[in-house]
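Chemist: dropping the sequence and predicted coords here.
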Amino acid sequence: MAEIKKYNLKGVGANVELGKKGSYLSGSDNAISFYTVDDDLQKVHIANATSAQHAVTKAQLDAVTADLVQHITYEFEYDSGSSNFANISTDSRVIGVTVDIPSAWAGADNTTSYVEVGDTNNASRFIRAGDVDVNIAGQYHSQYQYEYASGGTLSINVEAGDATSGTGVVSVLVSSDIITVTDYGSIGTTSDTNNDLGNIS
């Protein structure tokens, strides 16, 4: 029985050309790169993964991340004024907006000093003037949700008023696609007694 010997290719340079005018591979201690004949880094085309050991394609990754929730944060000063801070894609939904006031704004009053959060169509869609008490440190949350049938831009409007200092952070939760909520119904009957607790008034 003949013995099959293994010959390792040693002494080959870092670059291996694939054909006379083809692309080439470049190797290092950290990575193997694929280049075109013009020295441009080229994409590696693979099929969709079908097992745990396979690489995932961009199409598969996009399909998975379509339903993920994104967390956007934006810091602002008492005199930041109006600005846009995030773009919203079509069919996405804002599911929560929170304004964090870490410390009371110096000299501020809630008549002329306030924070609004909305979009370019409605500057106070989520947080209106007066919803945030800039005189008291705390987190102020909006339960209003909005689904964007077309792309939009989130915006913030900060009115300094009598404030001379103060900072804040607005946090927005956005689902990059429509979230489907299943209604499993409600409790149809109740009981005024319980074997363990006795009568419940």
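Modeler: Perfect, I can see it now.

Chemist: where along this structure do the strands fall?
Modeler: Assigned by DSSP state E, the strands in the chain fall at 15-17, 24-27, 32-35, 69-77, 81-88, 93-101, 114-119, 138-142, 146-147, 152-159, 167-175, 193-194, 198-199.

Chemist: need the contact list for the residue nearest the centre of the chain.
Modeler: For the chain, the residue nearest the mean C-alpha position is residue 70 (2.2 Å; C-alpha atoms, centre = their mean). Neighbour list for residue 70: 173-176 [criterion: C-beta atoms under 8 Å, 6 or more residues apart in numbering]. To be clear about C-beta, it is placed using only N, CA and C from the backbone, and glycine gets the same treatment.

Chemist: and what of residue 154?
Modeler: 72, 84-88, 94, 117-119, 172.

Chemist: state the distance from it to residue 171.
Modeler: Counting by C-beta to C-beta, to the nearest Å, the gap from residue 154 to residue 171 is 11 Å.

Chemist: intersection of neighbour lists for the two?
Modeler: Counting by C-beta under 8 Å, 6+ apart, the common neighbours of residue 154 and residue 171 are residue 72.

Chemist: picking up where we left off before, closest to residue 14 out of the contacts of residue 70?
Modeler: Of all the contacts of residue 70, residue 14 sits closest to residue 176, with 40.8 Å by C-beta to C-beta.

Chemist: which intervals of the protein have sub-threshold pLDDT?
Modeler: Scanning the chain for pLDDT under 70 picks out the ranges 1-13, 19-20, 65-67, 177-201.

Chemist: so residue 64 versus residue 58, what's the distance?
Modeler: Residue 64 is 11 Å from residue 58, by C-beta to C-beta.

Chemist: do residue 27 as well
Modeler: 24 Å.

Chemist: of these two, which one has the most company?
Modeler: residue 27 (13 against 9; other C-beta atoms under 10 Å).

Chemist: show me what the more buried one bridges to in the sheet.
Modeler: Beta bridges link residue 27 to residue 32 when assigned by DSSP bridges.

Chemist: so it sits against residue 35, correct?
Modeler: No. In this structure, residue 27 is not within contact of residue 35 by C-beta atoms under 8 Å, at 11.3 Å.
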